[in-house]
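Asker: predicted structure and sequence below. I'll ask about it afterward.
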Amino acid sequence: MPQFTDLRAVSRHGPGFLTARDVMSVAMIVADADGRSGEDGAERVIETLGALPGLEGLDRDAIRVAGQQASEGIARKGVEAVFSDAAERMDARTANAAILLACRVAMTDGEISADGDAVLRPMARRLGIGRSRLEAIRVLAARREAHGETRS
């Protein structure tokens with residue numbers, strides 16, 4: 001029945017909804033590993049999410065619903081299943097946006113913790129993001145956090 005839930009969500013919120021949920025799932029997994037689980041992590045992801053590729057036109061309510069579904073999916077199916085499903089649907093541009101969002105969420109207190117990093121690096125690898133690209137994304141995330149930008 002999840003496919004029917006997906007179809008309803010897409011018809012209500014637009015085609016970017018599933019992309020938003022996938023991107024938010026990646027960020028929430030890293031947020032949880034970084035010690036920002038539950039509502040705190042979800043709120044940080046929602047606050048940071050902006051005009052990512054494929055998400056143009058999504059309003060804050062749709063982003064909130066996508067975040068809620070991402071959080072529920074992680075609780076119900078587990079991190080590995082949710083990440084695998086999301087990774088399967090992501091193109092390279094969306095994968096980069098997901099890792100950028102995950103880095104920004106994990107950098108709330110200035111840097112990514114060792115626990116957050118231990119999850120982030122293998123996820124980036126599985127999304128086809130190499131070490132040098134990941135470092136460039138981390139630098140970009142740090143700059144945006146330093147300037148208080150709310151858009152990823």
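Answerer: Structure's in. What do you need? Numbers count the residues shown, from 1 in each chain.
Asker: use CA for all of it now, contacts and neighbours both
Answerer: Fine.
Asker: shaky segments in the chain?
Answerer: Low-confidence segments of the chain, defined by pLDDT under 70: 1-15, 36-58, 109, 148-152.
Asker: buried stuff in stretch 72-84?
Answerer: 73-74, 79, 82-83 (16 or more other CA atoms under 10 Å).
Asker: now do stretch 115-133
Answerer: Quick answer for stretch 115-133 (16+ other CA under 10 Å): 116-117, 119-121, 123-124, 127-129.
Asker: go through those and flag which are in helices.
Answerer: Judged by DSSP state H, the buried residues of stretch 115-133 include 116-117, 119-121, 123-124 as members of helices.
Asker: Throw these into TSV and include distance to Thr94, thanks.
Answerer: Converted to TSV, those look like this (distance: CA to CA, whole Å):
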residue	distance to Thr94
Gly116	20
Asp117	20
Val119	18
Leu120	15
Arg121	16
Met123	13
Ala124	12
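Asker: can you give me the offset of stretch 115-122 from its chain's centre?
Answerer: 14 Å (CA atoms, centre = their mean, to the nearest Å).
Asker: which outside residues touch it?
Answerer: Contact with stretch 115-122 is made by 30-35, 99, 102-103, 106, 134, as judged by CA atoms under 8 Å, 6 or more residues apart in numbering.
Asker: could you work out the most separated pair of those?
Answerer: Taking CA to CA as the measure, the contacts of stretch 115-122 span a maximum distance of 21.0 Å, between Gly35 and Leu134.
Asker: looking at the two, which has the bigger crowd around it?
Answerer: Using other CA atoms under 10 Å as the criterion, Gly35 and Leu134 rank with Leu134 on top: 20 against 14.
Asker: ok, now which ones touch the more buried one?
Answerer: By CA under 8 Å, 6+ apart, Leu134 lies in contact with 99, 121, 124.
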